[in-house]
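What would the 3D arrangement of this be:
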Amino acid sequence: MKLILKEDISKLGRKGDIVNVAKGYARNYLIPKNLAMAATAKNVTMAERMQAKRQAVLEESSELADSIQQALADAHLVIAKNSTDEGTLYAAVTNAEIIESIEKFSTFKLEENQVNVEKQVKEIGLHTVNVQLSSDVSFDVTLEIVPETK
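Sure, this is the predicted structure:
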């Protein structure tokens with residue numbers, strides 16, 4: 001059964017895509033949950049407009065991601081945290097703290113899922129944090145953890 005997706009569905013397609021699915025999946029899940037509609041001639045033209053709109057948004061977000069990458073390319077973020085005398089932090093650095101530091105540095109607001117820390121930051125020193133803005137824009141930022149002065 002041919003349907004046009006109204007929402008992005010993982011492992012099936014993106015909004016505006018025309019997909020071919022089993023009749024039961026369409027009747028029992030996709031259509032009742034308003035995730036898809038029948039692929040009539042009228043709806044196909046609407047799907048083409050949805051795809052064009054999605055492409056325009058993708059291009060705009062790609063330009064924004066490139067500008068963020070250029071602004072943060074050589075960024076050296078500094079976060080002050082309470083620590084022991086040996087240099088171990090009392091609490092690990094959170095994504096929210098990293099995002100706040102990036103926002104102070106560049107005024108760009110990132111989402112929690114765009115910041116990837118390979119291993120929890122629990123020590124004073126230099127660390128590398130990966131920022132994944134889109135599927136094709138990813139870069140590393142240097143994060144320095146310093147002891148908080150009292």
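
So for this protein, the centremost residue is which one?
Gln114 (4.3 Å; CA atoms, centre = their mean).

Need the pLDDT of that residue.
On pLDDT, Gln114 comes in at 85.

doesn't Asn130 make contact with it?
No - assessed by CB atoms under 8 Å, Gln114 is found out of contact with Asn130, at 9.4 Å. In short, each C-beta sits where N, CA and C put it, glycine included.

What is the least confident helix or strand in this protein?
Ranked by mean pLDDT, DSSP states H and E, the weakest helix or strand in the chain is helix 41-72, scoring a mean of 83.

Can you list the buried residues in that helix?
Asn43, Ala47, Met50, Gln51, Ala65, Ile68, Leu72 (16 or more other CB atoms under 10 Å).

biggest strand in this protein by residues?
strand 138-147 (DSSP state E).

Domain map for this structure?
Using automatic domain parsing, the domain parsing of the chain gives 2-62, 73-147.

re the thing from before, any chance of the buried residues of helix 41-72 in CSV, plus distance to Arg27?
Below are the buried residues of helix 41-72 laid out as CSV (distance: CB to CB, whole Å):
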residue, distance to Arg27
Asn43, 17
Ala47, 20
Met50, 22
Gln51, 25
Ala65, 39
Ile68, 43
Leu72, 48
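
if we take those residues, which one ends up nearest to Asp8?
Met50 (11.2 Å; CB to CB).

list the contacts for Asp66?
Val137 (CB atoms under 8 Å, 6 or more residues apart in numbering).
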